[in-house]
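What would the 3D arrangement of this be:
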Amino acid sequence: MMNRNIITLIAALLAFTLKGQAVTIEATANLNVYYPEFTRIDLVCGQMPKAAQKDVEFCCEAAFTGELLDEFRHSNIADNHICSGVMNKGYRCKANTGGFVWRKGKWKFMRKADFPSAANGWNMGLCQLLIIKDGRVRPIGTYMGARRNIYRALCEKNGKLCIVESRKNMTYEFFVKCLSSYKVTHALYLDMGRGWNYAWYRDAKGEVRECFPESKYAASYKYRTNWITFYR
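Coordinates of the predicted model:
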């Protein structure tokens, strides 16, 4: 029979492991910040990861979708993108000014001009609006700056990746100020809006928690095309 002290130790180690795999959430007055504990990242296209996929820690919309099409096409995703190590051709999007790529043990935020022309060993990648690069806020257009919305961005802070989301409707310019105050090193916009706001993650118990579940009832919900996904 196994010693009771050994059983207690094993249980404690398992609890520590589960806690380490959970999404850690920080909050400021204006932001919710999600830090997934992950072993890999991918850009999932065509269908959002399901809650039954126990290895998924966090997923949300990523690149822009061009048209509201009933069938999925990689060409309907803004600019070229890498999924599971394969480069896919998207439509040219003038709004995109930056990009992000990841492979095991390394990631990179960059200007769109530096986004790779081939996968070259990167497991995933996408193009989007570059908000902050190397701690410096990128130019904010007058039209974009005044728009009010719930905003979300993929960020790096203190050498860790996180998803940062506004806690309420605010102007884009104010969201950028909040990111800067939170002192992120890099920030890349993630697609939002009615239907696109929806995201989900796992808590410390492995339970699924939804962000903006009401977004599932928006008419545009079925037209989403791609999701940045963090895996255990």
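
Provide a list of residues in contact with Gly90.
When contacts are counted by CB atoms under 8 Å, 6 or more residues apart in numbering, Gly90 touches 63, 74-81, 127. For glycine as for every other residue, the C-beta is placed from the backbone atoms N, C-alpha and C.

Return the entry from these with the maximum number of neighbours.
Ala63 (29 neighbours; other CB atoms under 10 Å).

check contacts around it.
By CB under 8 Å, 6+ apart, the contact list for Ala63 reads 43, 77-79, 81, 90, 126-128, 191, 225-226.

Just the closest of the residues you listed to Cys162, please.
Using CB to CB, the shortest approach to Cys162 within the contacts of Ala63 belongs to Gln128, at 15.6 Å.

List the buried residues of the helix or strand harbouring Lys177.
Secondary structure from DSSP states H and E places Lys177 in helix 172-181. Under the neighbour-count criterion of 16 or more other CB atoms under 10 Å, helix 172-181 has 172-173, 175-176, 178-179 buried.

ditto for stretch 149-169
By neighbour count with 16+ other CB under 10 Å, stretch 149-169 contains the buried residues 150-157, 161-166.

What of stretch 119-126?
Using 16+ other CB under 10 Å as the burial criterion, the residues of stretch 119-126 that qualify are 119, 122-126.

mind listing the helices in the protein by residue range?
Along the chain, the stretches classed as helices by DSSP state H are 4-21, 142-145, 172-181.

Which of those comes out lowest on mean pLDDT?
Sorting the helices of the chain by mean pLDDT places helix 4-21 lowest, at a mean of 38.

Can you tell me how far Phe212 is from Ser166?
11 Å (CB to CB, to the nearest Å).

so what sits against both of these two?
Listed contacts common to Phe212 and Ser166 are Ile150; contacts here mean CB under 8 Å, 6+ apart.

For Met144, the count of nearby residues, please.
Here the count is done by other CB under 10 Å, and Met144 has 15 residues near it.

what bits of this protein have low per-residue confidence?
For the chain, applying pLDDT under 70 flags the ranges 1-21, 141-143.

Kindly recompute the last result at 50.
Low-confidence segments of the chain, defined by pLDDT under 50: 1-20.

which one among the buried residues of stretch 149-169 gets closest to Leu69?
Using CB to CB, the buried residues of stretch 149-169 come closest to Leu69 at Arg152, 23.0 Å.

Which strand residues bridge the closest one?
When bridges are taken as DSSP bridges, the partners of Arg152 come out as Glu165.

Tyr91 now?
When bridges are taken as DSSP bridges, the partners of Tyr91 come out as Ala78.

For it, grab the count of nearby residues.
Should you count by other CB under 10 Å, Tyr91 turns out to have 16 residues around it.

List the contacts of it.
Contacts were defined as CB under 8 Å, 6+ apart; by that measure Tyr91 touches 66, 75-79.

could you dump those residues to a markdown table with distance to Ser220?
Rendered in a markdown table, the data for the contacts of Tyr91 read as follows (distance: CB to CB, whole Å):
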| residue | distance to Ser220 |
| --- | --- |
| Gly66 | 13 |
| Ser75 | 19 |
| Asn76 | 13 |
| Ile77 | 15 |
| Ala78 | 16 |
| Asp79 | 20 |
